[in-house]
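# the following comprises the amino acid sequence and a computationally predicted model.
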Amino acid sequence: MSRRVRYGRTTARRRPKPRRRTRRASSRRQRADNRLLGLLVATSLVGALVVALINWLLVNWWILVVIGVLLLLTGGGWLYQKQQRARWESVRAQGLRYGLAQLDALHHSQFETAVRDLMRRDGCPNAIRVGGGGDLGADVKATDPYGRRWVIQCKHRRSGLAGSAVGTPDLQVLNGTARQVHDADVAVIITNGRVTGPAVKFAKEQRLHVVDRHTLAEWSAGSRPLWELLRAVPPPRKPTSRS
């Protein structure tokens, strides 16, 4: 009996644990209440400051007029500068010229950018360079003033005519993606080098356009748009003042 009593007494002494949990829960609730009280106080202060600011501005209304005038002047100046930049960019693009020696010295990515800029000069402001990994045969894409979508593949040769010639396999890539993937009306391959005879024949059969070194020189040095230098270009998609 003495062992059981001692055991029972020992067990009874270890029971106050639930009281600790109650104290912890009470402490958490107290912290939550304090945070809520702090948030309410901060909100009240902010609200009071906003009301005071509004009342002050109503009394000093002329400050709002001054701020509005300054904003109008700033916005007008920014808009004017933007229009001026656009005008200068248009003038610069219209006078854009490249010599073959300049084009030969470019990196292949710079050559693609030059082709994009020439398309913009011709009246395609949305011309973009998309060349790079995974371009699926499109280095430059543009829409001309007649609504025709152009997909251009660029083949740059640092050695010009002495470089490797553009062959049928290059045109096959363009033929396989230009219309099916990029929805092109005009598919073009441009090079500052040579194009093989079989490639030229394949291009005619597949309604592709080839811009060789001779045509590139005429296009890049003058102001005639590319569609005036190519044969059998599709008709305009939409009527324009140029039609």
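On my side now, so go ahead.
# worst-scoring helix or strand of the protein, pLDDT-wise?
When the helices and strands of the chain are scored by mean pLDDT, DSSP states H and E, helix 2-13 comes last with a mean of 48.
# who touches the most centrally placed residue in the chain in this structure?
The centre of the chain sits closest to residue 128, judged by Cα atoms, centre = their mean, with a distance of 9.8 Å. Residue 128 makes contact with 116, 140-142 under the criterion Cβ atoms under 8 Å, 6 or more residues apart in numbering. In this view, the C-beta of every residue, glycine as well, is placed from N, C-alpha and C.
# let me have these in a markdown table, extended by neighbour count.
Shown next, in a markdown table, are the contacts of residue 128 (neighbours: other Cβ atoms under 10 Å):
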| residue | neighbour count |
| --- | --- |
| 116 | 22 |
| 140 | 26 |
| 141 | 23 |
| 142 | 24 |
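# out of those, flag the one nearest to residue 213.
Nearest to residue 213 out of these is residue 140 (Cβ to Cβ; 17.8 Å).
# now do that closest one against residue 43, distance only.
Distance, residue 140 to residue 43, by Cβ to Cβ, to the nearest Å: 57 Å.
# domain parsing for the chain?
For the chain, automatic domain parsing gives the domain ranges 2-46, 99-228.
# which of those sits closest to residue 59?
domain 2-46 (20.7 Å).
# distance between stretch 230-239 and the chain's centre?
The chain centre lies 28 Å from the centre of stretch 230-239; the measure is Cα atoms, centre = their mean, to the nearest Å.
# residues of that stretch that come out buried?
By neighbour count on 16 or more other Cβ atoms under 10 Å, the buried set for stretch 230-239 is 233, 236.
# what lies in contact with it?
Applying Cβ under 8 Å, 6+ apart, the contact partners of stretch 230-239 are 146-148, 185-186, 188, 207, 209, 211, 215, 227, 243.
# what is the burial count for the residue lying closest to residue 117 once chain neighbours are set aside?
Of all residues not flanking residue 117 in the chain, residue 96 sits nearest, at 5.9 Å (Cβ to Cβ, 6 or more residues apart in numbering). Applying other Cβ atoms under 10 Å, we find 14 residues neighbouring residue 96.
# alright, that wraps it up for me.
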